[in-house]
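# fold the stuff below for me.
(one chain, ligands or ions: 1)
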Amino acid sequence: MNKFKSFLVNLCRTLLAITFIFSGFVKSIDPLGTQYKIGDYLEALNLAGKVPEWIQLITSIGLSAIEFTLGVLILLAIQRRLVSKLTVFFMVCMTAVTLWLTIGNPIQDCGCFGDAIRLSNSMTFGKNVVLLTASIVVMKWPLYQVRFISKTNQWIATYFTIVFIVVASVLSLYHLPIFDFRPYFIGQNIKKGMEIPKDAKPTVYKNTFICVKDGVQKEFDEKNFPYDDSTWVFIDSKQEIVEQGYEPPIHDFSITNEETGEDLTEAILTKKNYTFLLISPFFEVAEDGNFGEIDYIYEYAKEHGYDFYGLSASTDYGVKHWRDVTGAEYPIYTTDGTTLKTVIRSNPGLLLLYQGTIINKWSHNDLPTAEELNAPLNLLSIGHEPEDSTWSKIFAIVLCYILPLILLIVADRIWAWTQWVKKREQWLKEKEQWLVKKEQSNKLYQLLKRKRQMRKKIVAGNWKMNETLQEGIALATEINDALKADKPNCDVVICTPFIHLASVANVLDKELVGLGAENCADKEKGAYTGEVSAAMVKSTGAEYVILGHSERRQYYGETAEILKEKVQLALANGLKVIFCCGESLEEREANKQNEVVKAELEGSVFNLSAEEWKNIILAYEPIWAIGTGKTATSDQAEEMLAYIRSIVADKFGKEIAAETSILYGGSCNAKNADELFSKPNIDGGLIGGASLKAADFKAIIDAWKK
Ligand code: PEP
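Model prediction:
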């Protein structure tokens, strides 16, 4: 279907392009002819004389140039959407005009193809219906038109075309139309052009005679005309064409001497010698700047015995005005104005006849000069019919327009190809780089994955100051049993108050659940009433201790310095430290979380050796999320844990950072654990409230299984 659509669109587009280019061109090279046609339309609309001639001329040049340019744009598929819409608009207007011509017949020839092709009004209408249909097809699927020139260089072709056609128009106006499609071309014998072949079909006319008798008017034809009844008085007659017969190419040429009423056509067209005819449809509007040259040619004609006549449809006043202005002495005879406009597109223009044959034609801008007229005409090249120059004119157009356009298209195609090659090379390069990057990131990902697998995943409970000894033993037993029944795939730790430690140690399976304290003293031993040393913690069977918890910092004034001491003592006594850090709400709102966390780590644990660091587990616990039910989003938590890992890397190196377990703490529960633990830098959780119920705690542990 798409192939058919493409075929159809391109067929319609070719038809439109050829028609527009041809009709636009033949009108452009005959701007005066097109102007006369516009005049005919104005007359049919009763607007004759209301639109100045210069506006008609500009309209003629403009319309023809638009039509030609539109044709080229369609042919090259430039601005496909816009041009297809403009074409439909153009064709709608043209079809409406030709419908009017077909119905009302106000003008015989629509002028679509200038003088090159003449169509009857109904044929023109039919042609426009076909073209309108074609333009609608193209507008429906404009993008199916195959492009010949890239978008980037389209403007060159467009402007070049406009300049070409306007220049061709102006040159044709200044000189004469490049191609002469009218019956008065060079080489035409006017008399022969008027001949009707013997076997030609004659035009059949119907004559009607209008007579009156006793005030009654009646129409008669040849058959019933009252030849014998003289009481009928003839007042008028009319003639209609019943059947159009052969019409010779020249059917309206005559020369009359207005003063004598004598028809001079035959006499002038059968002259044995050269005859100059100065043609001016109307002397009133003729260009009179070259009268010097005209007078010279007249004198030259007289001297060599050639006839020189002026032909015009001017009024006596117009002729007198011309004689007054130019001093013209040559005889001026009368010929129909429309005929004279057809004979030569210049006012005035000069025609050279030899025995009734048109030998040469000149616009008033190109009249032969005194230097050229230096001998009798038979000895001069201008006195002989020039060789047919049609091919040299076509060659000139090819050279000036078609060839540069083709070269432009070829250059554009080469340019487009090099662009494509460049793009492809670039694309291949980028693809290669992308593959390398992918490979690298794959490797990095694999490394991180391996490291992450190597890193311990931990879920640690922090009972805080909850549970009596008996309750604590029961809770620990329940957790232990649950994990025994369903083995965890992460490390599990419960951190209890000091008084629970020894008893809870007895109920826990060490392989399944690790035990930790929530604090230890910053002194080794001695007279520190109420304190519990790291050594004492270790002696209960505990292996972990939470240090730096925000509640200890906040309520018991534990400073970075105190915590540093505690960490040292805990490590020295073989305990693993779960070291907490985190910012307050105000600090986060002031966007100071990174610097707060960094300061806490630098103040208490970044002094450790790499060896000591192996027993450090970090826990990021934003204070605003602890026990509040407000969890940091998984992205916020991931962002901070990634940052912590980066500063650990800065301090201890990437390898150690990759091996450090960093937990998130702060309202972590069974519902959000999955999401939090799915983040690459979150290695588990430090759980407060949710660690006090075995089922809740177990559900968080199980999040690692998902
Ligand atoms: C905590 O105190 O370490 C903690 C994370 O508490 P909760 O889970 O209740 O917010």
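# in the stretch 1-150 of the chain, what residue is nearest the ligand?
Using CB to the nearest ligand atom, L143 is the residue of the stretch 1-150 of the chain that sits closest to the ligand, at 61.5 Å. Any C-beta I mention is one placed from the backbone N, CA and C, and that applies to glycine too.
# pretty sure that residue is touching V83, no?
No - here L143 does not reach V83: they are 12.0 Å apart, not a contact under CB atoms under 8 Å.
# between the two, who's got more neighbours?
Just comparing L143 and V83: by other CB atoms under 10 Å the higher neighbour count belongs to V83, 25 against 11.
# helix or strand for the more buried one, which one?
helix 80-104 (DSSP states H and E).
# toward the C-terminus, what is the element adjacent to that helix?
Next in sequence after helix 80-104, counting helices and strands by DSSP H and E, comes helix 121-140.
# report pLDDT for the closest residue to K85 other than its chain neighbours.
Sequence neighbours aside, M139 is the residue nearest to K85 in space, at 5.9 Å (criterion: CB to CB, 6 or more residues apart in numbering). The per-residue pLDDT reported for M139 equals 97.
# so, low pLDDT: which residues of the protein?
Within the chain, the ranges that satisfy pLDDT under 70 run 444-445, 447-453.
# where does it get nearest to the ligand, residue-wise?
Closest to the ligand within the chain is G688: 2.1 Å, counting by CB to the nearest ligand atom.
# what residues sit buried inside the helix holding V83?
By neighbour count on 16 or more other CB atoms under 10 Å, the buried set for helix 80-104 is 80, 83-84, 86-88, 90-91, 94-95, 97-98, 100-102.
# ok, now which ones touch the closest residue to H364 other than its chain neighbours?
Closest residue to H364 in three dimensions, ignoring its sequence neighbours and counting by CB to CB, 6+ apart: N290, at 4.8 Å. Counting by CB atoms under 8 Å, 6 or more residues apart in numbering, N290 makes contact with H364, N365, L367.
# interface residues of the protein facing the ligand?
When proximity is defined by CB under 6 Å from any ligand atom, the chain lies next to the ligand at 462, 621, 626-627, 665-668, 686-690.
# what about V459, neighbour count?
27.
# name every strand pairing with the strand or helix carrying it and say which way it goes.
When elements are assigned from DSSP H and E, V459 belongs to strand 458-462. Strand 458-462 sits in its sheet next to strand 491-496 (parallel), strand 684-687 (parallel), going by DSSP bridges.
# any idea which of those is most buried?
Ranked by mean neighbour count, the strands paired with strand 458-462 are led by strand 684-687 with a mean of 29 (mean count of other CB atoms under 10 Å).
# any idea how far it is from the middle of the chain?
In terms of CA atoms, centre = their mean, to the nearest Å, the centre of strand 684-687 is found 57 Å from the chain centre.
# one more: stretch 362-376?
Taking CA atoms, centre = their mean, one finds stretch 362-376 lying 54 Å from the centre of the chain it belongs to.
# list the buried residues of that stretch.
Within stretch 362-376, the residues scored as buried using 16+ other CB under 10 Å are W362, S363, H364, D366, L367, P368, L373.
# what sits up against that stretch?
With CB under 8 Å, 6+ apart as the test, stretch 362-376 has contacts from 174-176, 286-287, 289-290, 293-294, 296-297, 300, 304, 344-350, 380, 382-383.
# list the ones among these that fall in helices.
Among those, the members found in helices (DSSP state H) are Y174, E293, I294, Y296, I297, Y300, H304.
# drop anything exposed from the residues you listed.
Buried positions within these, assessed by neighbour count (16+ other CB under 10 Å), are E293, I294, Y296, I297, Y300.
# contacting residues around the third one?
Taking CB under 8 Å, 6+ apart as the criterion, Y296 is in contact with A370, L373.
# how about K487?
With contact taken as CB under 8 Å, 6+ apart, K487 is in contact with L512.
# straight-line length of stretch 511-530, end to end?
32 Å (CA to CA, to the nearest Å).
# coming back round to it: so what secondary structure elements neighbour the helix holding V83?
Contact analysis of helix 80-104 by 3 or more CB pairs under 8 Å, 6 or more residues apart in numbering; DSSP states H and E lists helix 53-76, helix 121-140 as its packing neighbours.
# can I get these in TSV including mean neighbour count?
What follows is the helices and strands packed on helix 80-104, written out as TSV (neighbours: other CB atoms under 10 Å):
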stretch	mean neighbour count
helix 53-76	20
helix 121-140	19
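# the ones in helices among the contacts of stretch 362-376: which two are farthest apart?
In the ones in helices among the contacts of stretch 362-376, two members sit farther apart than any others by CB to CB. They are Y174 and H304, at 28.9 Å.
# what's stretch 200-215 in contact with?
By CB under 8 Å, 6+ apart, the list of residues contacting stretch 200-215 from outside reads 196, 217-222, 225-226, 231-247.
# please, a ChimeraX command that selects the buried ones among these?
Applying 16+ other CB under 10 Å to those leaves a buried subset, and the ChimeraX line that selects it is:
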select :220,232
